[in-house]
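Peer 1: What follows is a predicted protein model with its sequence.
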Amino acid sequence: MNIVLLGQNGQVGWELQRSLSVLGSLQALDRHSQPCGDLSQPEALHDHLLRLQPDVIVNAAAYTAVDQAQAEPELARLINAAAPAAMARAARALGATLVHYSSDYVFNGQGTRAWRESDAVAPLNVYGQTKREGEEAILSSGCDHLILRTSWVHAVRGHNFAHTMLRLAQERDQLKVIHDQWGAPTSAELIADVTAQVLRQCQVNAKPKGLYHLVAGGETTWHGYACHLIEQARLLRPDLPWRVQEILPVPSSAYPTVAQRPHNSRLDTSQLQQVFGLVLPDWRVGVDRMLNETLLRG
């Protein structure tokens with residue numbers, strides 16, 4: 001199996017380099033790579049993919065600056081919609097499979113029930129809209145595809161909520177964290193391992209591809225996430241200069257943002273688990289593992 005991975009240096013892309021390497025020959029690209037791995041040049045990317053002739057194209061790259069997307073919708077659309085469309089055209093021409101990651105932001109974030117793959121989409125912001133347009137381009141292309149929607153991604157590598165909280169906990173006596181947005185913190189490691197498992201099962205057992213939700217088990221709020229994170233960090237590294245004395249729950253309105261965020265980011269993963277015989281661990285498992293690697297490495 002010849003695999004081309006786009007977005008090799010992102011949180012998920014970095015882990016995919018490990019998990020996909022056991023499946024075949026892997027060529028990992030980013031926007032500085034030669035041949036072209038730049039999603040802001042969809043047609044050049046399409047042509048390079050045709051020359052590389054992969055069996056599988058894995059797109060772990062995206063425009064993810066949610067607030068900035070409101071100010072530069074054209075660039076967000078180019079990367080999140082036009083580039084996946086170009087990949088889909090290349091995959092169709094090559095008879096290859098396209099693996100693409102999407103987001104809970106395609107939904108309106110209302111209610112308390114976990115979103116199913118069949119639920120109607122209604123993005124709240126430009127980022128969510130462009131991610132949905134990317135999905136639609138792939139779905140309408142007729143290419144063999146695997147679209148995995150995920151949310152609240154964290155990893156040892158890169159910038160994310162967990163790293164911000166660990167830094168602030170050593171700088172401030174009090175933290176205020178949003179308590180009315182719900183989801184499941186999901187490790188890039190889990191996403192990468194499940195991707196490899198699913199691809200393998202599709203290849204060997206002819207399992208059905210398509211659209212699936214992929215997040216860790218359980219649910220929490222950003223406040224609950226922060227509390228668990230800092231409690232475990234104190235236990236792991238009591239020698240670090242932790243200053244924070246209280247973590248206060250506050251509503252989303254306390255931190256107004258340019259782009260509206262969903263209150264309900266829960267994703268129902270029962271379809272993924274049933275089709276592929278998987279068990280997705282509780283979100284705390286991934287967070288605790290990430291903390292061990294972050295705080296104890298070296």
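Peer 2: Perfect, thanks for sending it.

Peer 1: Can you list the neighbours in contact with stretch 194-211?
Peer 2: Contacts to stretch 194-211, defined as CB atoms under 8 Å, 6 or more residues apart in numbering, come from residues 1, 16, 19-20, 22-23, 56, 58, 97, 99, 117, 135, 139, 144-149, 212, 214, 272, 275-276, 278, 280. Bear in mind the C-beta positions are built from the backbone N, C-alpha and C, glycine included.

Peer 1: From the contact counts, what lies against the host helix or strand of L49?
Peer 2: Element membership of L49 [criterion: DSSP states H and E] is helix 42-52. If you count contacts as 3 or more CB pairs under 8 Å, 6 or more residues apart in numbering; DSSP states H and E, helix 42-52 packs onto strand 2-6, helix 83-94.

Peer 1: Now the element after the shortest one, going C-ward?
Peer 2: Okay, so that is strand 2-6. Defined by DSSP H and E, the subsequent element after strand 2-6 is helix 11-20.

Peer 1: what angle do that following helix and strand 2-6 make?
Peer 2: Inter-element angle recorded for helix 11-20 and strand 2-6: 160 degrees (by axes from the mean of the first three to the mean of the last three CA atoms, to 10 degrees).

Peer 1: So which residues of this protein form helices?
Peer 2: 11-20, 42-52, 66-71, 73-77, 83-94, 126-141, 161-168, 188-205, 222-236, 270-276, 283-296 (DSSP state H).

Peer 1: How far off centre is the longest one?
Peer 2: Translated: helix 188-205. Centroid separation for helix 188-205 versus its chain: 15 Å, with CA atoms, centre = their mean, to the nearest Å.

Peer 1: tell me which residues of it are tucked away?
Peer 2: For helix 188-205, a neighbour-count test (16 or more other CB atoms under 10 Å) marks 188-196, 198-199, 201-202 as buried.
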